[in-house]
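>>> Okay, sequence plus prediction incoming.
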Amino acid sequence: MHDFKILKKLVLQDGSILRARYAGRPTRDTLFEDPVMDGKSLMKIWNLNKLAGVVGVFNCQGAGTWPCIEIPLKNLELESNPKAITGFVSPSNVEFLEEITGENWIGECVLYAFNSGSLYRLPKNGKVDVTLGVLQCEIYTVSPIREYNRVVHFAPIGLIDMYNSGGAIEALSYSNSGSSECIVKIKGRGCGRFGAYSKTEPKFCLINGKEVEFDYDIKNGFLTFKLSPCLAGETNWHETEFYKLVFSCKFHQIFFYPHFCVCFTKFLPNL
């Protein structure tokens, strides 16, 4: 029997899957730990997308045993009285992160926690504590922050209702019109809630010239808006604009499986 709640977090409307680049691999700091039987270690698996990393953290303690290994007494106690385990997650858990950061990377990243919805900004070697009960998990999207100028710091997260949120991001680019205007473009695929970190709050959002709602948390810079799906067989490009004094964004979807392009524009104050 299929669990459709899980499938909706894995499969896009067109039936495609947000696959990461590689097979998942244990993080460097867990290679010599026993995440099943030592009663203290979390399992951490990392992978890369085109513009963001992903780390899955799992509490597998008490979930089983290794063949031909005697179960320690403390593990038997753990099985009868399961306890939460605390560890940490870090951007440095994602190997080869520099391959996707680009020249505007400032050495910091945002971590988005899928289950809790929390957003953290921290340096590459920074750490965030994570506490999980037995057989619980958390999935973190790791997105490098690009600093395009003193005002525009930006990191796309992706479709935040999908397990591999960053797998929806295909391309990211920046341009300067020659005045005080700068544009950040994101190209991706899928529909649903799209999230990003932005140092600056947009003023309003337009899709195809119509204003739509978006949410921005001024405390942590978390920006979210909804990408509506295209109808089957429909060829359509949608335009989305974000402004704050002015901050603009353009979004496109094409064909029956949504593709989008987001542009953020900021007119900087005279400094």
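Thanks, I have the structure now. Numbers count the residues shown, from 1 in each chain.
>>> quick one: average confidence on stretch 224-241?
Averaging pLDDT along stretch 224-241 yields 54.
>>> what's the answer for stretch 133-152, then?
What stretch 133-152 shows for mean pLDDT is 92.
>>> Quick check: end-to-end length of that stretch?
38 Å (Cα to Cα, to the nearest Å).
>>> and if you look at stretch 149-167?
Stretch 149-167: ends 26 Å apart by Cα to Cα.
>>> helices or strands up against the longest strand belonging to the chain?
If you go by DSSP state E, the chain has its longest strand at strand 137-147. Contact partners of strand 137-147 among helices and strands, from 3 or more Cβ pairs under 8 Å, 6 or more residues apart in numbering; DSSP states H and E: strand 53-58, helix 98-101, strand 105-113, strand 128-132, strand 153-159. Placement of C-beta: from N, CA and C, glycine included.
>>> what distance separates it from the centre of its chain?
Its chain's average C-alpha position is 5 Å from that of strand 137-147, according to Cα atoms, centre = their mean, to the nearest Å.
>>> relative to strand 105-113, how tilted is that strand?
150 degrees (axes from the mean of the first three to the mean of the last three Cα atoms, to 10 degrees).
>>> Could you list the low-confidence segments of the stretch 1-150 of the chain?
Counting by pLDDT under 70, the stretch 1-150 of the chain has low-confidence residues at 1, 64-82.
>>> between the helices and strands packed on strand 137-147, which gets nearest to residue 14?
Minimum separation from residue 14 across the helices and strands packed on strand 137-147 (Cβ to Cβ) falls at strand 153-159, 13.2 Å.
>>> how about the CA coordinates for the closest one, as PDB?
As requested, the backbone C-alpha atoms of strand 153-159 are provided in PDB (Å, rounded to 0.1, in the frame of the first residue of the first chain):
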ATOM      1  CA  HIS A 153      22.000  38.800   0.300                       C
ATOM      2  CA  PHE A 154      20.000  35.900  -1.200                       C
ATOM      3  CA  ALA A 155      19.800  32.100  -0.900                       C
ATOM      4  CA  PRO A 156      17.100  30.100  -2.700                       C
ATOM      5  CA  ILE A 157      15.700  27.100  -0.700                       C
ATOM      6  CA  GLY A 158      13.200  25.600  -3.200                       C
ATOM      7  CA  LEU A 159       9.800  23.900  -2.800                       C
END
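>>> List the contacts of that strand.
Applying Cβ atoms under 8 Å, 6 or more residues apart in numbering, the external contacts of strand 153-159 come out as 18, 49, 51-52, 106, 109-110, 112, 141, 143-148, 164-169, 172, 184, 186, 188, 190-200, 221, 227, 262, 264.
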